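Asker: structure for this input, please:
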Amino acid sequence: MSLLEQYTGRIGQSVTSGWLTVDQDRVNQFADVTLDHQFIHVDPERAARETPFGGPIAHGFLTLSLLSHFAAAALPAFPEKAIGINYGFDKVRFLSPVRVGSRVRGRFTLAKAEERKPGQIQLTQECSVEIEGSDTPALAAQWLSLVVAG
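Answerer: Numbering: from 1, shown residues only. Modelled structure (predicted):
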């Protein structure tokens, strides 16, 4: 079976990762790395007083960056001697804030698998980060990646 056939056979299939708790320590570390210390993320008392969220929320980009963790946990491994390369996003929407202490997980549906050139397949995944107990996901995205045969 060719590399392309391995992926086209999965189009339309969805997989879901396990849950991950977004705690204040993770949010603070992300703030330190990105130099984004806005109080809505790092000051629980002020965020409780001055925002409609009732407390601190995770950075949207923290939530987006968790897609890598969720994908590694949920998606099938790349074929032997192949590598995966992040190619970017066609669309990202932040739909609902992730309150600190919430549990989130990733959901991935393979939408497209196209051969760009021999041994190189571009994948388009429809992704969402779901918040436990919420009908609205934290984000929805179209994530592009390349699978390159070694």
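Asker: report pLDDT for residue 1.
Answerer: Predicted confidence (pLDDT) for residue 1: 67.
Asker: can you pull the contacts of residue 136?
Answerer: 95-96 (C-beta atoms under 8 Å, 6 or more residues apart in numbering). (Glycine included, C-beta is placed from N, CA and C.)
Asker: and if you look at residue 30?
Answerer: Contacts of residue 30 by C-beta under 8 Å, 6+ apart are 36, 41, 58-59, 61-62, 65.
Asker: please apply the same query to residue 116.
Answerer: 122, 146.
Asker: that one should be in a strand, yeah?
Answerer: Yes - assignment of residue 116 by DSSP: H, G, I helix; E, B strand; the rest coil places it within a strand.
Asker: helix or strand next in line after the top helix by length along the chain, which one?
Answerer: In the chain, taking DSSP state H as the definition, the longest helix is helix 60-74. Using DSSP states H and E, the helix or strand that follows helix 60-74 towards the C-terminus is strand 82-94.
Asker: please enumerate the strands of the protein.
Answerer: 14-16, 20-21, 82-94, 103-117, 120-131, 139-149 (DSSP state E).
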